[in-house]
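[1] sequence first, predicted model second:
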Amino acid sequence: MKILIDSANLEKINHIVKYFPIDGITTNPSILCKENTEPYELLEKLKQIKDLLFVQAISKDFDGMVEEAKRITDKLGDVVIKIPVTDEGLRAIKHLSAQGYHTCGTAIYTEEQAFMAALAGAEYVAPYVNRIEKFYGDGIGTVKNIQEIYKNNNLKTKILAASFKRNDQVMALAKAGVDAATIPADLLINFIHNKDVDEAVDAFVNDFYKLVGPNSTM
Ligand code: G3P
């Protein structure tokens with residue numbers, strides 16, 4: 001499973017990419033709103049950090065989405081255009097995918113949306129794991145079902161699971177071999193923080209100091 005950062009916070013992203021094996025960055029209008037800065041200036045910086053960048057269209061109608069996809073690509077180069085899977089969005093995915101744009105069907109709450117987006121040619125779909133769990137009960141199960149639907153129908157669309165609030169949600173999907181997960185920055189940073197690990201490392205170091213002397217190394 002590939003890991004992406006679901007954030008536009010430069011400080012946190014720079015920290016994470018220094019330490020973690022990261023494949024890309026995903027944004028949406030709410031994520032950009034949190035940074036309270038001119039969106040394209042920020043997106044250009046994100047694109048320089050990671051070439052695989054996801055940017056969402058705002059328009060709710062087909063013409064607007066198509067126009068935005070062109071504008072986003074003109075300004076930022078090759079990025080993945082996120083389109084909410086509404087009826088207008090599905091039409092836009094069908095059109096843009098046929099034109100060679102990279103598309104991601106987003107705001108996926110149901111297997112039906114994921115199925116239609118894949119048939120329409122989406123390169124990715126982003127099912128919202130925690131929101132599905134909150135509204136309908138089984139976010140993990142829904143993503144696994146989408147995985148099975150794609151496998152059994154020979155659909156090549158990649159699943160980019162999103163909307164995570166807990167590590168165990170990500171790890172359940174890693175276990176299932178889902179293509180990718182986009183994880184909020186703070187959740188990702190906490191993947192590695194563990195006081196028991198820190199204590200184990202300190203005990204190793206102290207034993208070596210006892211053996212060879214303080215501040216020695218191998
Ligand atoms: O990438 C979509 C994701 O950001 C939605 O997450 O936390 O708003 O449910 P959330």
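    The structure has been received and is ready for your questions.
[2] all helices of the chain, in order?
    Ranges of helices in the chain, per DSSP state H, are 10-19, 29-35, 39-49, 62-76, 87-98, 111-119, 129-135, 139-152, 167-175, 185-189, 195-212.
[3] and the fifth one with helix 111-119, angle?
    Pointing back at helix 87-98 there. Angle, helix 87-98 to helix 111-119, by axes from the mean of the first three to the mean of the last three CA atoms, to 10 degrees: 30 degrees.
[4] and helix 87-98, what does it pack onto?
    helix 62-76, strand 80-84, strand 102-108, helix 111-119 (3 or more CB pairs under 8 Å, 6 or more residues apart in numbering; DSSP states H and E). The C-beta positions use only the backbone N, C-alpha and C, and glycine is treated the same way.
[5] ok, now the third one?
    Contacts defined by 3+ CB pairs under 8 Å, 6+ apart place helix 39-49 against helix 10-19, helix 29-35, strand 53-56, helix 62-76.
[6] may I have it exported as CSV, CA atoms only?
    Output of helix 39-49 as CSV, limited to C-alpha atoms (Å, rounded to 0.1, in the frame of the first residue of the first chain):
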residue,chain,number,x,y,z
PRO,A,39,-4.2,28.3,-3.0
TYR,A,40,-2.1,28.1,-6.2
GLU,A,41,1.0,29.5,-4.5
LEU,A,42,0.7,26.8,-1.9
LEU,A,43,-0.1,24.1,-4.4
GLU,A,44,3.0,25.0,-6.5
LYS,A,45,5.1,24.5,-3.3
LEU,A,46,3.4,21.1,-2.6
LYS,A,47,4.0,20.0,-6.2
GLN,A,48,7.7,20.8,-5.8
ILE,A,49,7.8,18.6,-2.6
